[in-house]
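Engineer: Mind looking at a prediction? Sequence and model below.
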Amino acid sequence: MLTHLNIMMILYVIRPSTCVEYSIGNGKKAYKDAKSACESKGMTLAMGVTQEEADDLLGFFTEHKEELFAHEIKKLGIKIYAAWIGLDDLAEKGTLKWNDGSAYEGTLTSIYDKTVEDNCKKGYLGSQCCIQLYVSLIGKGAAGSECHGTSPYLCQPDTDNYTVYIVIAAVAVLLVIVALGVALFFYRKKQLKEEQARMDEINAIEMQLALEEEQAAEAMEAQALAMEEGYQAQSAELEERMQELEAKVRRQRRQSRKRHHGHHRHSHRRRH
């Protein structure tokens, strides 16, 4: 069971390509037992550790020494804090390899000798050398140690499982992106449909208004034409009446002249 600063401690160290989770077991174990303990949790002893990561881890050791190394401090009264990593020369004496069989590239600084390999060649280490990250009174770095000795240990996720997790996470993220894209597509499609419906409604209203305006204009034009025709008819009728009146006046004048002329001749006869 993982508990904070008790049996296991979670560390995060940034690598160029990923974020690696390290767990440190507070129970002291021999190297092979520590390896088995990590594997039982689906992990491995820490591998491919760079000096930059080691510095971060060792700094963490120092910062949390009271919790991580309480047993050593209480029992021995010393300030030496160490933890196994997955680097050893079990396959070939003097040739360090990571637990997955990959070659060690000399990335770690030795705390005692020029190199970690030189440290492993010391006679007092016997036939086997296993590597610890080490904080001591003289400094901090990597150091070889007898593999049967007991120490806390650093675990990290198994590379194969970690790759599977990364792939699954990537697929999950991709599915989420696709789902969001599909949702956005249909949402935008719905928006476009609603906008088109509004545009169609506006166009229908505009067409209706244009038709009503056209009909009103035609009605006004028809009304004006009817008024003009009525005015022309009235004018023609008035002109006809004027002509009739003028003709009547002329007739009356002729009749009046005839009566006057007849009366004048009759008066002339009477005088004679």
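Structural biologist: Happy to help now that I have it. For clarity, every value in this text was computed on a predicted model and none was experimentally measured. Residues are numbered from 1 along each chain as shown.
Engineer: so how many other residues sit close to the closest residue in space to residue 150 that isn't next to it in sequence?
Structural biologist: Nearest residue to residue 150, sequence neighbours excluded (CB to CB, 6 or more residues apart in numbering): residue 28, at 3.9 Å. (C-beta placed from N, C-alpha, C; glycine too.) Residues within reach of residue 28, counting by other CB atoms under 10 Å, total 18.
Engineer: for residue 128, same thing?
Structural biologist: Residue 128 has 17 nearby residues by other CB under 10 Å.
Engineer: Surely it touches residue 92?
Structural biologist: No. Counting by CB atoms under 8 Å, residue 128 sits too far from residue 92 to count as a contact (10.7 Å).
Engineer: Now do the strands in the stretch 1-150 of the chain.
Structural biologist: 8-14, 19-29, 43-45, 81-88, 97-98, 130-136, 139-145 (DSSP state E, counting those that start in this stretch).
Engineer: Quick one, grab the pLDDT at the one residue sitting closest to the centre of the chain.
Structural biologist: Nearest to the mean C-alpha position of the chain, by CA atoms, centre = their mean, lies residue 177 at 8.1 Å. On pLDDT, residue 177 comes in at 93.
Engineer: Pull the number of nearby residues for the residue lying closest to residue 122 once chain neighbours are set aside.
Structural biologist: Using CB to CB, 6+ apart and skipping residues adjacent in sequence, the residue nearest residue 122 is residue 144, 7.0 Å away. Using other CB under 10 Å, residue 144 has 28 neighbouring residues.
Engineer: quick one, helices of the stretch 51-200 of the chain?
Structural biologist: Ranges of helices within the stretch 51-200 of the chain are 51-63, 65-68, 70-76, 116-120, 159-271, based on DSSP state H, counting those that start in this stretch.
Engineer: how about residue 115, what does it touch?
Structural biologist: residue 106 (CB atoms under 8 Å, 6 or more residues apart in numbering).
Engineer: residue ranges with poor pLDDT in the stretch 1-150 of the chain?
Structural biologist: Along the stretch 1-150 of the chain, segments meeting pLDDT under 70 span 1-27, 65-80, 123-126.
Engineer: got a markdown table for the helices of the stretch 51-200 of the chain, with distance to residue 85 too?
Structural biologist: Output for the helices of the stretch 51-200 of the chain, formatted as a markdown table (distance: least, CB to CB, whole Å):
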| stretch | distance to residue 85 |
| --- | --- |
| helix 51-63 | 8 |
| helix 65-68 | 15 |
| helix 70-76 | 18 |
| helix 116-120 | 11 |
| helix 159-271 | 15 |
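Engineer: Of those, flag the one that's most buried.
Structural biologist: Highest mean neighbour count among the helices of the stretch 51-200 of the chain (mean count of other CB atoms under 10 Å): helix 116-120, with a mean of 20.
Engineer: measure residue 140 to residue 228 for me?
Structural biologist: Residue 140 sits at a distance of 112 Å from residue 228 (criterion: CB to CB, to the nearest Å).
Engineer: these two touch, right, residue 152 and residue 64?
Structural biologist: No. Counting by CB under 8 Å, residue 152 stays clear of residue 64, with 11.3 Å between them.
Engineer: Looking at these two, which is more packed in?
Structural biologist: residue 152 (24 against 15).
Engineer: per-residue confidence for the more buried one?
Structural biologist: 84.
Engineer: which ones are touching the spatially closest residue to it that is not a sequence neighbour?
Structural biologist: Nearest residue to residue 152, sequence neighbours excluded (CB to CB, 6+ apart): residue 83, at 4.5 Å. For residue 83, the contact set (CB under 8 Å, 6+ apart) comprises 24, 57, 61, 132-133, 151-154.
Engineer: chain center to stretch 81-99, what's the gap?
Structural biologist: 44 Å (CA atoms, centre = their mean, to the nearest Å).
Engineer: buried residues in it?
Structural biologist: 81-90, 96-99 (16 or more other CB atoms under 10 Å).
Engineer: want to try a markdown table for those, with distance to residue 239 as columns?
Structural biologist: Shown next, in a markdown table, are the buried residues of stretch 81-99 (distance: CB to CB, whole Å):
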| residue | distance to residue 239 |
| --- | --- |
| 81 | 130 |
| 82 | 132 |
| 83 | 128 |
| 84 | 130 |
| 85 | 126 |
| 86 | 126 |
| 87 | 128 |
| 88 | 133 |
| 89 | 136 |
| 90 | 135 |
| 96 | 131 |
| 97 | 129 |
| 98 | 125 |
| 99 | 126 |
